[in-house]
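Colleague: Give me the fold of what follows.
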Amino acid sequence: MNIRRSVAALSLCAALGAAAAPAAVADDGQAGRAEGLYGAKDPKFDGVWRQSLALLAQDAVGVTPAKSAVDWLAGQGCADGGFAAYRADTSKACDPKKGEFTDATAAAVQALAAVGGRSGTVEKGIGWLKRHQNEDGGWGMNPGGPSDANSTAAAIGAFAATGQDPAKVTSASGKGTAGKGASGKGGKTPYDALLGLQLDCSAKAEERGAFAYTAAKGKPVANELATASAALAARGKGFVFETVGKDGGAEPKPLPCEKGKDGADAPKDAAEAALAHLTRVMSDTGMHLKSAMPGAKDQPDFGGTADAVVALAAGEHSAAAGKPLQWLQSKDSGTAAWAKGDPGALAKLILAAHAAGADPRDFGGADLVQQLNATGPKPEAAAPGAESDGNGKSEEKKDDDGGGVGGVWWTVGVCAVAGMGIGFLLSGRKRRRL
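Modeller: Numbering: from 1, shown residues only. Next comes the predicted model:
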């Protein structure tokens, strides 16, 4: 929703007045959002995740996030170092057994490490991850849950982002000692858990090299979202990384099954096989992944496709990454409508463009950076040349009595005169994503 438009502004005021929960009033010009938070949608299930991605994307393209945005994310941390999906009341203690999440904690650690100035919170987050490492070396969505590819991959990214070698983060050995983060004989690494979820040469030919989300129940099943996350993590990288070279167009190497070989025997080989699987899948669908959510229609998975681009770029397969990236930029793909006003989605696209060497300020003619900035508090500073109208066209800053900031403050004034409450609208959600 663009609250700079008068009709939408009045609708927003009415909605906020009808049902509002206590929250800090924004100081950035957008009513209905807590101070520093990105996005106007209910943050109950993705607040920390989308905030982390937004900060990472801004930092990656030379934008200094607003202090209030960093404060908001750091303030979501629990006393033990973990992060919940969202805490409406940070004065209330977190539930360490089910209220804290590996994915949220790992994402927050990566974001706060990137923007700097929050070393204490970052260290506590890393400590939380080490304490909750499973005996098999991986992590589940919640502490003690069965290890899954996505959560383990996010944790690997957190260690990589803080300068630690994930291969040296070992679990304690012995039943009941998981989560101690001890080193020594019998300890398992995150890669042990991750590679254990890769489908080997006993699987169907079209699934070899893919990763399952988890092996906790029955036979592992290929999952493209898990495969993209695992392929990135198997290269020891997080959401943002420096690409060291170009591949010259070489395709990812498939899982070697000749001469009795049974699956990849190293993280890099596992990543190559996973990327080969993703490339095969996308080549059959017009260079994008399809939604694998239960009950979902036969439709593109934009976020998953962006994850695949990042993973391919991390594997230094620039040519292979360019194909799905080009699809994401095409006007017929529907990507623009999917990402509109959604900070998490916009951030994913920015990170994909950045990883693949494209310009996120001219992404199919749109300025993703400007669009992301508009969903939250005004950045402290932006990289030179960042001003645009959101469609890749440069423009001068608008006066306060015009359509830009002035229009937003007019909206706030309307809401104030109408006596409407400002807060969060709480609603249902679905987990992630990533």
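
Colleague: does residue 312 really touch residue 275, like I thought?
Modeller: Yes - contact criterion Cβ atoms under 8 Å: residue 312 and residue 275 qualify, at 5.7 Å. Just so you know, the C-beta spots here come from the backbone N, C-alpha and C atoms, and that holds for glycine as well.

Colleague: and for these two, which residues touch both?
Modeller: Shared contacts of residue 312 and residue 275 (Cβ atoms under 8 Å, 6 or more residues apart in numbering): 231, 252, 320.

Colleague: In helices, which of these appear?
Modeller: Of those, the ones assigned to helices by DSSP state H are 231, 320.

Colleague: With pLDDT as extra columns, can I get the shared contacts of residue 312 and residue 275 in a markdown table?
Modeller: Converted to a markdown table, those look like this (pLDDT from 0 to 100):
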| residue | pLDDT |
| --- | --- |
| 231 | 98 |
| 252 | 96 |
| 320 | 96 |
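
Colleague: out of the shared contacts of residue 312 and residue 275, which is most surrounded?
Modeller: The most crowded member of these, judged by other Cβ atoms under 10 Å, is residue 231 (34 neighbours).

Colleague: Tell me who's in contact with that one.
Modeller: 211, 270-271, 274-275, 278, 311-312, 314-315.

Colleague: give me that answer again for 10 Å
Modeller: 149, 153, 198, 209-211, 237, 252, 267, 270-278, 307-308, 310-312, 314-315 (Cβ atoms under 10 Å, 6 or more residues apart in numbering).

Colleague: Equivalent analysis for residue 324, please.
Modeller: Residue 324 sits next to 278-279, 282-283, 285-289, 304-309, 312, 333, 352, 356 when contact means Cβ under 10 Å, 6+ apart.

Colleague: Make a PyMOL selection of the buried ones in those residues.
Modeller: Provided next is the PyMOL selection string for whichever of the contacts of residue 324 are buried by 16 or more other Cβ atoms under 10 Å:
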select buried, resi 278+279+282+287+288+289+304+305+306+307+308+309+312+333+352+356
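
Colleague: And stretch 314-322, how far out from the chain middle?
Modeller: Centroid separation between stretch 314-322 and its chain, computed with Cα atoms, centre = their mean, to the nearest Å, is 19 Å.

Colleague: try stretch 211-231
Modeller: Put simply, stretch 211-231 sits 18 Å off its chain's centre (Cα atoms, centre = their mean).

Colleague: As PDB, could you dump the C-alpha coordinates of it?
Modeller: In PDB, the C-alpha atoms belonging to stretch 211-231 read as follows (Å, rounded to 0.1, in the frame of the first residue of the first chain):
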ATOM      1  CA  PHE A 211      18.600 -31.700  -0.700                       C
ATOM      2  CA  ALA A 212      15.700 -32.800   1.500                       C
ATOM      3  CA  TYR A 213      14.400 -30.300   4.100                       C
ATOM      4  CA  THR A 214      14.800 -32.900   6.900                       C
ATOM      5  CA  ALA A 215      15.300 -36.600   7.300                       C
ATOM      6  CA  ALA A 216      13.300 -36.800  10.500                       C
ATOM      7  CA  LYS A 217      10.300 -38.600   9.000                       C
ATOM      8  CA  GLY A 218      10.700 -41.400   6.500                       C
ATOM      9  CA  LYS A 219      12.600 -41.300   3.200                       C
ATOM     10  CA  PRO A 220      14.200 -37.900   2.300                       C
ATOM     11  CA  VAL A 221      12.300 -35.900  -0.300                       C
ATOM     12  CA  ALA A 222      13.900 -33.500  -2.700                       C
ATOM     13  CA  ASN A 223      13.100 -29.900  -1.800                       C
ATOM     14  CA  GLU A 224      14.200 -27.000  -4.100                       C
ATOM     15  CA  LEU A 225      14.100 -24.300  -1.300                       C
ATOM     16  CA  ALA A 226      16.200 -26.500   0.900                       C
ATOM     17  CA  THR A 227      18.500 -27.300  -2.000                       C
ATOM     18  CA  ALA A 228      19.200 -23.600  -2.700                       C
ATOM     19  CA  SER A 229      19.900 -22.800   0.900                       C
ATOM     20  CA  ALA A 230      22.100 -25.800   1.300                       C
ATOM     21  CA  ALA A 231      24.100 -25.000  -1.900                       C
END
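
Colleague: In it, which residues are buried?
Modeller: 211-215, 220-231.

Colleague: and if you look at stretch 191-209?
Modeller: Result for stretch 191-209 [16+ other Cβ under 10 Å]: buried residues 191-200, 203, 207-209.

Colleague: so who does residue 243 touch?
Modeller: Residue 243 makes contact with 237, 313-316, 318, 321, 354-357, according to Cβ under 10 Å, 6+ apart.

Colleague: out of the residues you listed, which are buried?
Modeller: Here, 16+ other Cβ under 10 Å leaves 237, 313-316, 318, 321, 354-356 buried among the contacts of residue 243.

Colleague: Could you dump those residues into a markdown table and include pLDDT?
Modeller: Shown next, in a markdown table, are those (pLDDT from 0 to 100):
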| residue | pLDDT |
| --- | --- |
| 237 | 97 |
| 313 | 97 |
| 314 | 96 |
| 315 | 95 |
| 316 | 94 |
| 318 | 93 |
| 321 | 97 |
| 354 | 97 |
| 355 | 97 |
| 356 | 96 |
